[in-house]
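Student: Need a 3D model of the sequence below.
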Amino acid sequence: MTKLLLVRHGETDWNLGSRFQGHADPPLNDTGRTQARELAATLAGRTFDAIYSSPLRRAFETAEIIAAPHGLEPAPVDGLREVDVGGWQGLTRDEIEERFPEQYRRWLDFGEGWDGGETYEEMGRRVVRTLLDLAREHQGETILCVTHGGPIRAAFASASGISHSDARRNGPRIGNCFTAEFAPEHDALRQLD
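Tutor: Numbering: from 1, shown residues only. Now for the predicted structure:
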């Protein structure tokens, strides 16, 4: 069976400040590097045939730390990037509420918030297509993909047959270095225990 282990990147200073990162490229902070090293130790006993990562620094650095004990080099894949949050990028929740109150209310109600950028559904289609393509390239193998909260939520939405909004509302909290495992099933994903 083909398996895809999805990992969210470690912590950044923007995570601490509740800033929307989107396609911005802040690096891991010291806590994020520690989280990645701890996860690397947890995963050291597993075998991975390949490791892929979002090209954004916070994900790629996490992938490099996890890949090192396996003697693998992570490969950057654009399709694993976080959702493009348009004009919200770099802003805190308080700043967004002040500048874009209607957009922020929509987002808090699990709808689309920002104007411009990319919708959650667009990002979800991109991410699931990317994961299924990677799975086809690695049939019967286990691959690790380091990505972001939005793409992992998109995988949960695909596995549950629900919208991204419902996955945001009902899904697990996806903290830094969160992991979840999936398998390809037809044109969707299936969550593994």
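
Student: where do the strands sit along the chain?
Tutor: Taking DSSP state E, the strands of the chain run over residues 3-8, 50-53, 75-76, 142-147, 179-185, 188-191.

Student: Point out the most buried one among those.
Tutor: Greatest average neighbour count among the strands of the chain goes to strand 142-147 (a mean of 25), per mean count of other CB atoms under 10 Å. For the C-beta atoms, the positions are set from N, CA and C on the backbone; glycine is no exception.

Student: same question for it, mean pLDDT?
Tutor: On average, the pLDDT along strand 142-147 is 98.

Student: switch to numbering from 55
Tutor: New numbering, starting at 55: the last item is strand 196-201.

Student: name the helices or strands packed onto it?
Tutor: If you count contacts as 3 or more CB pairs under 8 Å, 6 or more residues apart in numbering; DSSP states H and E, strand 196-201 packs onto strand 57-62, strand 104-107, helix 111-121, helix 174-191.

Student: Restricting to C-alpha, output that strand in CSV.
Tutor: Below are the C-alpha coordinates for strand 196-201, written out as CSV (Å, rounded to 0.1, in the frame of the first residue of the first chain):
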residue,chain,number,x,y,z
THR,A,196,6.0,5.3,1.9
ILE,A,197,6.7,9.0,1.4
LEU,A,198,6.8,11.9,3.8
CYS,A,199,5.6,15.3,2.8
VAL,A,200,6.3,18.4,4.9
THR,A,201,3.7,21.1,4.4
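
Student: what angle do that strand and strand 233-239 make?
Tutor: If you take axes from the mean of the first three to the mean of the last three CA atoms, to 10 degrees, strand 196-201 sits at 120 degrees to strand 233-239.

Student: Strand 196-201: how far from the chain's middle?
Tutor: 10 Å (CA atoms, centre = their mean, to the nearest Å).

Student: And the contacts of it?
Tutor: Residues outside strand 196-201 that contact it (CB atoms under 8 Å, 6 or more residues apart in numbering): 56-63, 97, 100-108, 113-114, 116-117, 120-121, 128, 131, 134-136, 181, 185, 188-189.

Student: How many neighbouring residues does Leu145 have?
Tutor: By the criterion of other CB atoms under 10 Å, Leu145 has 19 neighbours.

Student: quick one, what contacts the closest residue to Phe236 other than its chain neighbours?
Tutor: Nearest-residue entry for Phe236: Leu243, 4.3 Å, with adjacent residues in sequence omitted and distances by CB to CB, 6 or more residues apart in numbering. Residues in contact with Leu243 (CB under 8 Å, 6+ apart) are Leu58, Val182, Leu185, Leu186, Ala209, Ser212, Ala213, Phe236, Ala237.

Student: any chance of those residues in CSV, plus distance to Asp148?
Tutor: Formatted as CSV, those follow (distance: CB to CB, whole Å):
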residue, distance to Asp148
Leu58, 36
Val182, 33
Leu185, 34
Leu186, 38
Ala209, 30
Ser212, 32
Ala213, 34
Phe236, 35
Ala237, 40
